[in-house]
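> Quick one: sequence and predicted model below, then my questions.
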Amino acid sequence: MRAIMATARMQIRLASRSIESVMPLLVMPLQSVVALAILAHSGRLDLAGYALCAALLLTVGQMGLFIGSEIVAHDRRDQILELLVATPTPYINVLATRTILVSSFGLAGFVEAWLIARLIFGVTIEIHHSGLMAIALAATVLAGGGTAVLTSALFSLARTTRTLQNATNGPFYVLGGVLVPVSFLPVWLQPLSPLIFFTWSANLVRSALAPEPPQDAAFQLGMLLALGAGAALLGVHVMRRMLDKLRHDGRLGLT
Amino acid sequence: MSAVRTEGLGRVYVTAERTTQALSDVTLSFAEGEVSGLLGPNGAGKTTLVKILSTVLLPTAGRAFVLGHDVVGETAKVRPLIGIVFGGDRGLHWQLTARETLEYWAALYDVPVREVSRRSVSLLERVGLAAWADTRIENYSRGMKQRLHLARGLISDARVLFLDEPTIGMDPLAARDFRGLVKELKAEGRTILLTTHDMAEAEAVCDRVALIDHGRVLAIETPASLAQMVSAYERIDYDHGDPGLAVALRQLPGIAAVTLQDGGAHRITMTDGAAIQSILQFLVGAGVTSLRTSRPSLEEVYVHIIGDRGLKV
Amino acid sequence: MKFWRVYLLGLRMGMRDWTFFWTWRSWLGGWMLRLVCSILLWSLMGKMMGSTETLRYLLIGNAVTAGIGTFIVASCCWDRMEGTYSLLVAAPASLVPLFLGRPSIWAFGWVASALLSTALVSFGFDLALPWKGLAVLPLLIVIVSVSTFFCTAFVGTMVAATAPQARNIANNWLLILFSAICGINVPTAFWPKWVQIVATALPITHGLEAIRIVLSGGGMMEALPQVGLELAVGAAWLIVILCTLDRMTDRARIKGTIDFA
């Protein structure tokens, strides 16, 4: 527990002192300007909640999948991984603490996008089911952090992490329907969507923003958490295998 | 019980391009409370050995034990016992301050909470970073980072310390302080294994030194016998225009060779250190006013130990 | 002559950067996939709102500019970060061709990205683009890429000189700015007057307008004024670079911000 708290404190310090490690917070919410402009131009600002949902999920997602996924690779590059592995604290505890925390920073995207809608487009986006929203956000952060454990483990073996980050994040957001709901995707792509945790997050967030009573929220929440937990478990397994392999190959540190 | 023990330890690195035998059949034992040195040139296998002992690298042959625990099978028992200092200036989160760094690692080593702050302060004091405790590491010089590494390695109060080229990047004064620190640590009863390619450093702090090259341990000596081995092959450089002097010198007892160096100086290599006095007297008598004695470099000692020829390389 | 020789040296470095990031396979399978996803992300909004006109507008805007402006700011900063900047400053050659050479590799990538994206989108969504327009499209995309290159390379050298750690953020901000106000997703006329004025000085705005004209069946003559404006914008940014680059180095020498590695 102490190691987890200390790791969390350390991660907060890293984030507050390195602009690069919070890049998505400074970039992704601005995408809502584009989305809101498209909606406003078509006279459909009633759909502003969709833009908010997209900005939120893009920010949480990029914090996890972009920043979180770099953690192992950076620890290796900086030759910290060896030192961490040599401590009595299991590395996976350090990693999971960091990915979940980093994902949670992404929640700031919600506030940023809300303010953009309010200040630039004069739209006030109302949260009709705040309890559901809180639960949806918490579950999204856990799923994002869990998924990042897996991607972080996988990406650390790549020569250029950025290449993989660039390539993988696009499909997640389209298939997950973060901006445009899955039902508007080409029909042949739709079967893949339930496998992406964003799909369930997006449904929950949009339900929480809509005035109608939410439908199937419990099921969607269950799916979201199950996908996050599945990715996290797989991540733990991959991480363990990978550390064994790196220890075996003598490549824990990149030199 | 020995603090560090290896039995037929071997390590092979396999990459697409080549297979490297980094360690082969290393059998060693260092006693508790001993300061031991691993001395060898770059690429000798020193770091590989330290990495295996500190559980971050698996051996491909043999076994290794730290305080009786197998470093492969009992990592959970080994890790709380060891402290590691890797050379170079990486291995630190540069956005953190020194104090924050120590607090972070203390938590990972489960150092008792009430101990952490006292220990951090005293360690920073000890490595001379007290005035920089709250400065971010990104603003540190290389030598300061290296000193912080040392403090980081000591934060867990480990019984066995592995120091891999700990003085790389330190200025000479800091390196001298470091040697003092190692003596203090020894006085506290810790076991220290330190790698270096600096013969003087090894001589200054180690109880025993293992000479290692191409993955093999060539000899394990006390620094005294190492020094003896080296001084027995002392040599003298002199500047003198007359080539006849070299011819005359070669007739003297205890001289292995007299060779002309680049730059015009002559080098006398001795087979017997005791001859130095008579040779110096001879040179001064012959009117030589510029002469220097020097010790052979580490590589030359290797050549001597591996081969049994004279020191002429 | 010397200018081109140094430029080509820079370009060769850029090619190393490129191959560090991509192989042909990962570029096609990874990068293009990402671009197509990004195009879909925005364009499907048209479908959601039930407007084929908006769908088409978004598809064309996003496809013909796909990838344009990416990587450039970061690329301008790499010399700073690798510690080679000090060596370059100390070399006798002017820095302009070298500093333009290395990042210019990405502009070649933009042209390829945009052309391929347009082809994919026009097949995938059956856009039935006029052949006459398609014939001049490559030329127009080259022009847009060149003018965007000069503008973004200027930003890149500024970022390199002042805040290289913010290079990726700066690059992303630029891309969002283009995406928002240069007519990619909404006509520039949507924005208030002062934003329109800013858009006029930015690359893409006029070139994209010209592309929209030729892809909706208009003739090249009709698009020519916009093409001219795009070229003028590009030339203006080039002049800005030429005026500032060497001066920026001089300032850095005065302030002592040029570090050895």
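Sure thing, it's come through. Remember, predicted model here, so these are calculated numbers, not experimental data.
> of all of the stretch 201-313 of chain B, which residue lies closest to chain A?
Going by C-beta to the nearest C-beta, chain A is nearest to B:Gly215 of the stretch 201-313 of chain B, at 13.1 Å. Every C-beta, even on glycine, is put in place using the N, C-alpha and C of the backbone.
> residue contacts, that residue?
If you count contacts by C-beta atoms under 8 Å, 6 or more residues apart in numbering or on different chains, B:Gly215 has them with B:10-11, B:21-24, B:26, B:44-45, B:48.
> Now with 6 Å, please.
Contacts for B:Gly215 (C-beta atoms under 6 Å, 6 or more residues apart in numbering or on different chains) come out as B:21-24, B:45.
> out of those residues, who has the most neighbours?
Neighbours here mean other C-beta atoms under 10 Å in any protein chain shown. Within these, the largest count is held by B:Leu23, at 28 neighbours.
> nearest spatial neighbour of B:Gly264, skipping sequence neighbours?
Setting aside the residues directly before and after it, B:Gly264 is nearest to B:Asp239 in space (C-beta to C-beta, 6 or more residues apart in numbering or on different chains), at 6.7 Å.
> partner residues bridging the one you found?
On the basis of DSSP bridges, B:Asp239 is bridged to B:Ser290.
> For C:Trp110, give its distance to chain A.
Per C-beta to the nearest C-beta, to the nearest Å, C:Trp110 is found 15 Å from chain A.
> meant to ask about C:Ile181, not that
Separation of C:Ile181 from chain A (C-beta to the nearest C-beta): 9 Å.
> Just give me the neighbour total for that residue.
In terms of burial, C:Ile181 registers 24 neighbours under the definition other C-beta under 10 Å.
> now do the one 5 residues further on
Per other C-beta under 10 Å, the neighbour tally for C:Val186 reads 24.
> Tell me which residues touch it, please.
So C:Val186 contacts A:37-38, A:41 (C-beta under 6 Å, 6+ apart).
> before we move on, what about A:Gly122?
Residues in contact with A:Gly122 (C-beta under 6 Å, 6+ apart): none are found.
> A:Glu112 versus that one, what's the distance?
Computed as C-beta to C-beta, to the nearest Å, the A:Gly122 to A:Glu112 distance reads 16 Å.
> Quick one: mean pLDDT for the helix of greatest length in chain C?
Among the segments of chain C that qualify as a helix by DSSP state H, the longest is helix C:220-255. Averaged across helix C:220-255, pLDDT comes to 89.
> Walking through chain C, point out its helices one by one.
Counting by DSSP H, chain C has helices at residues C:2-21, C:24-26, C:32-48, C:52-64, C:72-81, C:85-90, C:95-124, C:131-162, C:167-181, C:193-201, C:205-215, C:220-255.
> who's in contact with the residue in the stretch 151-300 of chain B that chain C sits nearest to?
With distances taken as C-beta to the nearest C-beta, the stretch 151-300 of chain B approaches chain C most closely at B:Gly169, which sits 14.4 Å away. The contact partners of B:Gly169, taken as C-beta under 6 Å, 6+ apart, are B:142-143, B:146.
> Mind naming the longest helix for chain B?
Across chain B, the helix with the greatest residue count (assigned by DSSP H) is helix B:172-187.
> per-residue confidence at the closest residue in space to C:Val36 that isn't next to it in sequence?
Nearest non-adjacent residue to C:Val36, counting by C-beta to C-beta, 6+ apart: C:Leu120, 6.1 Å away. Note on C:Leu120: pLDDT of 96.
> same check, this time on C:Asp259
Residue-level confidence at C:Asp259 comes out at 62, pLDDT.
> Most proximal residue of the stretch 1-150 of chain C with respect to chain B?
In the stretch 1-150 of chain C, the residue found nearest to chain B is C:Met81; the distance is 13.5 Å by C-beta to the nearest C-beta.
> if I look at that residue, how far off is C:Ala74?
Plainly put, C:Met81 is 9 Å away from C:Ala74 if you go by C-beta to C-beta.
> which one of these two has more residues nearby?
In this comparison of C:Met81 against C:Ala74, neighbours counted by other C-beta under 10 Å, the higher total goes to C:Ala74 at 21 against 15.
> Skip the chain neighbours and tell me the closest residue to the more buried one.
Ranked by C-beta to C-beta, 6+ apart and with sequence neighbours excluded, the top spatial neighbour of C:Ala74 is C:Arg167, at 4.6 Å.
> And for C:Glu53?
The spatially closest residue to C:Glu53, leaving aside those adjacent along the chain, is C:Gly46, at 7.7 Å (C-beta to C-beta, 6+ apart).
> ok, that neighbour - contacts?
Contacts for C:Gly46 (C-beta under 6 Å, 6+ apart) come out as C:54-55, C:58.
> possible to save the residues you listed as CSV with distance to chain B and pLDDT?
Listed next are the contacts of C:Gly46 as CSV, based on distance: C-beta to the nearest C-beta, whole Å; pLDDT from 0 to 100:
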residue, distance to chain B, pLDDT
C:Thr54, 45, 96
C:Leu55, 45, 96
C:Leu58, 40, 97
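> and chain A, which of the residues you listed contact it?
C:Thr54 (C-beta under 6 Å from any C-beta of the partner chain).
> Tell me the secondary structure at the residue nearest the centre of chain A.
What sits nearest the mean C-alpha location of chain A, by C-alpha atoms, centre = their mean, is A:Gly61, with 2.5 Å. The local conformation at A:Gly61, judged by DSSP: H, G, I helix; E, B strand; the rest coil, is helix.
> Against chain B, how distant is it?
Remark: distance between A:Gly61 and chain B (C-beta to the nearest C-beta) = 24 Å.
> confidence score at that residue?
The confidence metric pLDDT takes the value 93 at A:Gly61.
> Now do the same for the residue of the stretch 1-150 of chain B found nearest chain A: helix, strand or coil?
For the stretch 1-150 of chain B, the residue closest to chain A is B:Ala107, as judged by C-beta to the nearest C-beta, at 3.1 Å. At B:Ala107 the chain is in helix, as set by three-state DSSP.
> Settle this for me: it is touching A:Arg2, isn't it.
Yes: proximity of B:Ala107 to A:Arg2 meets the contact threshold set by C-beta atoms under 6 Å, at 5.0 Å.
> Would you check how far apart C:Thr205 and C:Val144 are?
Distance, C:Thr205 to C:Val144, by C-beta to C-beta: 9 Å.
> re the thing from before, dump the helices of chain C into a markdown table; add distance to A:Gly253 as well.
Supplementary listing: these in a markdown table, determined by distance: least, C-beta to C-beta, whole Å:
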| stretch | distance to A:Gly253 |
| --- | --- |
| helix C:2-21 | 20 |
| helix C:24-26 | 25 |
| helix C:32-48 | 30 |
| helix C:52-64 | 42 |
| helix C:72-81 | 21 |
| helix C:85-90 | 27 |
| helix C:95-124 | 29 |
| helix C:131-162 | 29 |
| helix C:167-181 | 25 |
| helix C:193-201 | 47 |
| helix C:205-215 | 47 |
| helix C:220-255 | 34 |
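> how about those helices, which one is nearest B:Ile155?
Closest to B:Ile155 of those is helix C:72-81 (C-beta to C-beta; 31.3 Å).
> so where is chain B shaky, pLDDT-wise?
Low-confidence regions of chain B, defined here as pLDDT under 70, cover residues B:226-233, B:273, B:295-313.
> Okay then, goodbye and thanks.
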